[in-house]
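>>> what follows is a predicted protein model with its sequence.
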Amino acid sequence: MGIMTLRDALRQAAEQQLDLVEVAPTAKPPVCRIMDFGKYKYEQQKRDKETKKKQKVVTVKEVKLRPNIEDHDFNVKKKNAQRFLEDGDKVKVTIMFRGRELSHPELGRQLLVKMAAELKDMATVEREPKLEGKNMIMILSTKSHN
């Protein structure tokens with residue numbers, strides 16, 4: 001409609017039984033539009049809901065192991081990690097050391113390297129194995145994220 005005074009714009013909006021909505025307040029002069037504000041807010045909420053639906057929340061799932069784990073138990077934990085990765089989650093693989101096991105951290109590192117090697121076709125190592133207190137932690141993420 002062009003540039004007009006605020007009073008004229010408000011009068012025109014009132015004649016059409018609509019609202020005068022400021023669309024771009026930073027522009028010089030500010031851009032306003034005559035529309036139904038309730039309908040506008042509803043459309044905005046609908047768009048926000050759609051974009052929220054499309055977002056995927058990545059959670060971190062944890063798989064805990066012990067340094068002297070049996071092969072079968074290791075495979076069960078590996079399958080769990082695989083399932084988490086397929087769901088698009090990150091996997092935190094933790095090896096818990098107890099007592100004197102801490103004097104052999106290389107055993108835990110070997111297990112974590114083995115886990116990463118067996119899942120290498122679907123996951124990448126986001127964080128290398130690192131000893132934190134009595135636990136050794138490694139984080140895997142799906143390849144599609146990297």
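Looks like it came in fine. In this text the structure is predicted, and so the values were computed from the model without any measurement.
>>> which stretches of this protein have low pLDDT?
144-146 (pLDDT under 70).
>>> what about 90?
1-41, 43-44, 47-63, 65-69, 84-91, 97-135, 140-146 (pLDDT under 90).
>>> quick one, strands of it?
With strands called from DSSP state E, the chain shows them at 19-24, 31-35, 60-65, 90-96, 123-132, 135-142.
>>> what's the burial count for L112?
By the measure other C-beta atoms under 10 Å, the count of residues near L112 is 21. Placement of C-beta: from N, CA and C, glycine included.
>>> what's near enough to touch it?
For L112, the contacting residues are 93, 95, 129, 136, 138, by C-beta atoms under 8 Å, 6 or more residues apart in numbering.
>>> all helices of this protein, in order?
For the chain, the helices defined by DSSP state H cover 6-15, 37-54, 71-86, 105-118.
>>> buried ones among the contacts of L112?
Neighbour-count burial (16 or more other C-beta atoms under 10 Å) applied to the contacts of L112 gives 93, 95, 129, 136, 138.
>>> what's the closest of the contacts of L112 to L119?
V93 (9.3 Å; C-beta to C-beta).
>>> and that closest one, what does it touch?
Contacts of V93 (C-beta under 8 Å, 6+ apart): 62-63, 65, 81, 112, 115, 137-140.
>>> P129 now?
108-109, 112-113, 136-138.
>>> rerun at 10 Å
By C-beta atoms under 10 Å, 6 or more residues apart in numbering, P129 lies in contact with 93, 95, 105, 108-113, 115-116, 136-139.
>>> about what we covered before: so which of the helices of the chain is the most packed in?
Ranked by mean neighbour count, the helices of the chain are led by helix 105-118 with a mean of 17 (mean count of other C-beta atoms under 10 Å).
>>> does L65 touch M136 like I think?
Yes. Between L65 and M136 a contact is recorded at 9.2 Å, counting by C-beta atoms under 10 Å.
>>> as JSON lines, the strands of the chain with distance to Q12 would be great.
Listed next are the strands of the chain as JSON lines, based on distance: least, C-beta to C-beta, whole Å:
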{"stretch": "strand 19-24", "distance to Q12": "8"}
{"stretch": "strand 31-35", "distance to Q12": "6"}
{"stretch": "strand 60-65", "distance to Q12": "55"}
{"stretch": "strand 90-96", "distance to Q12": "55"}
{"stretch": "strand 123-132", "distance to Q12": "58"}
{"stretch": "strand 135-142", "distance to Q12": "55"}
